[in-house]
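J.: how would this look folded up:
(one chain, ligands or ions: 1)
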Amino acid sequence: MTGPAFLQAATSALQEIETYYSTLPDRPVLPSISPGYLKELLPSTAPQQGEQWTEISRDIERTILPGMTHWQSPKFMAFFSASSTYPGILGEMWSAALTAPAFNWICSPAVTELETIVMDWLAQILALPETFMSRGEGGGVIQGSASEAVVTVMVAARERYVSRQLEREGVQGEEEREDRACEIRSRLVALASAEAHSSTKKGAIIAGTRFRSIPVHRSNVYALTASEVRPALETLTAKGLCPYYLGVTLGTTNTCAIDDFTSLADIAEEYPDIWIHCDAAYAGAALVLPEYQYLSAQMSMVDSFDVNMHKWLLTNFDASCLFVQKRKDLTDALSISPAYLKNQFSDSGLVTDYRDWQIPLGRRFRALKIWFVLRTWGVQGLRRHIQHHINLGNFFAHLVGARKDLFDILVEPRFALTVFTVKPPGHEPTQHLANGTTIDHGDPRPFEEQHLPIKPETSSQELELANEITKEVYTAIDAKREFFLTASV
Ligand code: PLP
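T.: Numbering: from 1, shown residues only. The predicted structure is shown next:
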């Protein structure tokens, strides 16, 4: 493809993308194809000769779009949202255009320096303690996902625990240290609440350590507190095992539970060798609002904090923002410098080489899209965006709560998430709806026509929205959704 041909192809692709976005509300959210549909539409081998772009691009509408679940549709209400915005897309375009896998600063100074700057901006926007910023001993790094962030810090946590223990024991000699390190590693245990995301358990598997899940209770709105953690730690240590990592969550996946950071701060003090990581993949975005920033202040008790801008902060996948209080904890564990990675700038210690803050070597220029998004919205715009969603979530909860004959609210709205089940109580009715099978509520009208009652003072704009949301509640349920819905319409 030549430059002029690229220009023509890209121009028409942009037009098609814009048309796709403007027609999204009219497209069914779910594909109506069967497993293996694509095999029927595409040849079983790659073409021998190259094809024209016009032929290739035609196949997007013909073969790909029919198999897409439209996450960007305003009717998409499953899981947490996945942001996509035009400035985010432009960031992705520029990143692809520049393709500069800047593992070391010297590989492309702008890639590294912009990342450091936007991570500091974000730390400020979220009101994280100063210690998470690059001017001190901390800093931020963009990871591919919250799960990747967990694995990264878990490995750093493991190695920090082991090296402190070796120091304490005064083990000398390379081979002796290696042998003893292996023994210590074999006794390590990572812990997290039973409501923590599955990535914590997966992280422990990858890090090669044990994992213990700590039960939490509905009476505490599923928050992990020191009262559950302390006995778990005592039991493990009594058995000769070594807790080295505690995962805490700001906004769990099931119910958006917020762990009790106040009581957990005591654990941090009592067990300084345990690395505490806060997974704020979704709800961390709400820290843009001053009313939630009391939570940011509580983050001084954690070693690391991660929020996905690609969930709720208008940035296209992938943009998981990991902050650490001591960057040395990452670099001590993850830095290996063979001759081909050495250079005078790295040796000078004056630059950041993000390869030492992550698992892969090469990396994408993800800071660009974050920069574009932060500049396009500004802090006030981000706040309006999050507040709007929270308002919609509350309104959604009000509508669902108004149909006590149909729904039970299991957990009151947290951020923009409301958790409800379908009556009668028990797992089965909700499962019925999730599976798309009908349930008899005694109302002869089709489910989507059973409009929710609207409060009398509702304005016409709200009414329109209410109707829209009402329809969406039913559409979502009808469309076999999960029963944990985000109201990010
Ligand atoms: N942590 C929490 C609380 C989540 O809700 C999710 C996904 O929804 C994740 C982690 C995993 O995110 P990622 O896909 O970025 O690994």
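J.: Show me what from the stretch 51-200 of the chain comes close to the ligand.
T.: Within the stretch 51-200 of the chain, the positions lying close to the ligand (CB under 6 Å from any ligand atom) are 80, 145-147, 197, 199. To be clear about C-beta, it is placed using only N, CA and C from the backbone, and glycine gets the same treatment.
J.: Same question for Val248, what's its three-state structure.
T.: Going by DSSP: H, G, I helix; E, B strand; the rest coil, the secondary structure assigned to Val248 is strand.
J.: Arg187 reaches Pro243, doesn't it?
T.: No - between Arg187 and Pro243 there is no contact under CB atoms under 8 Å: 9.8 Å.
J.: between the two, who's got more neighbours?
T.: Per other CB atoms under 10 Å, whichever of Arg187 and Pro243 has more neighbours is Pro243, with 26 against 17.
J.: need the contact list for the more buried one.
T.: Residues near Pro243 by CB atoms under 8 Å, 6 or more residues apart in numbering: 188-191, 232-233, 236-237, 271, 274.
J.: Just the buried ones out of the residues you listed, please.
T.: Neighbour counting by 16 or more other CB atoms under 10 Å classes 188-191, 232-233, 236, 271, 274 among the contacts of Pro243 as buried.
J.: Out of these, which sit inside helices?
T.: 232-233, 236 (DSSP state H).
J.: any idea of the mean pLDDT in the longest helix belonging to the chain?
T.: As assigned by DSSP H, the longest helix anywhere in the chain is helix 367-401. Across helix 367-401, the average pLDDT comes to 93.
J.: Equivalent analysis for stretch 175-193, please.
T.: Throughout stretch 175-193, pLDDT has a mean value of 97.
J.: ok, and for that stretch, which residues are buried?
T.: 180-181, 184-185, 187-193.
J.: for stretch 224-235, same thing?
T.: 224-226, 228-230, 232-233.
J.: Which of these fall within helices?
T.: Those of the buried residues of stretch 224-235 lying in helices (DSSP H): 226, 228-230, 232-233.
J.: Rebuild those residues as TSV, extending it with pLDDT and distance to the ligand.
T.: As requested, these are exported to TSV (pLDDT from 0 to 100; distance: CB to the nearest ligand atom, whole Å):
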residue	pLDDT	distance to the ligand
Ala226	98	21
Glu228	97	18
Val229	98	18
Arg230	98	23
Ala232	98	20
Leu233	98	23
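J.: Apart from its chain neighbours, what residue comes closest to Thr99?
T.: Phe365 (7.8 Å; CB to CB, 6 or more residues apart in numbering).
J.: Can you verify the one you found is assigned to a strand?
T.: No - looking at Phe365 with three-state DSSP, it is coil, so not inside a strand.
J.: so how far is Leu350 from it?
T.: 21 Å (CB to CB, to the nearest Å).
J.: More neighbours: those two, which one.
T.: Comparing Phe365 with Leu350 by other CB under 10 Å, the one with more neighbours is Phe365, at 24 against 9.
J.: That one touches Met93, doesn't it?
T.: No - the pair Phe365 / Met93 is not scored as a contact, 11.0 Å apart, by CB under 8 Å.
J.: Could you pull out the strands in this structure for me?
T.: 139-143, 188-193, 210-214, 242-249, 275-279, 304-308, 320-324, 407-414, 417-422, 484-486 (DSSP state E).
J.: Mind putting those strands into JSON lines with distance to Gln52?
T.: As requested, the strands of the chain are exported to JSON lines (distance: least, CB to CB, whole Å):
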{"stretch": "strand 139-143", "distance to Gln52": "36"}
{"stretch": "strand 188-193", "distance to Gln52": "52"}
{"stretch": "strand 210-214", "distance to Gln52": "52"}
{"stretch": "strand 242-249", "distance to Gln52": "50"}
{"stretch": "strand 275-279", "distance to Gln52": "46"}
{"stretch": "strand 304-308", "distance to Gln52": "38"}
{"stretch": "strand 320-324", "distance to Gln52": "38"}
{"stretch": "strand 407-414", "distance to Gln52": "51"}
{"stretch": "strand 417-422", "distance to Gln52": "46"}
{"stretch": "strand 484-486", "distance to Gln52": "41"}
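J.: Just put the ones in helices among the buried residues of stretch 224-235 in JSON lines and tack on distance to Ser34.
T.: Converted to JSON lines, these look like this (distance: CB to CB, whole Å):
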{"residue": "Ala226", "distance to Ser34": "50"}
{"residue": "Glu228", "distance to Ser34": "45"}
{"residue": "Val229", "distance to Ser34": "47"}
{"residue": "Arg230", "distance to Ser34": "52"}
{"residue": "Ala232", "distance to Ser34": "46"}
{"residue": "Leu233", "distance to Ser34": "50"}
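J.: Brilliant, that's me finished.
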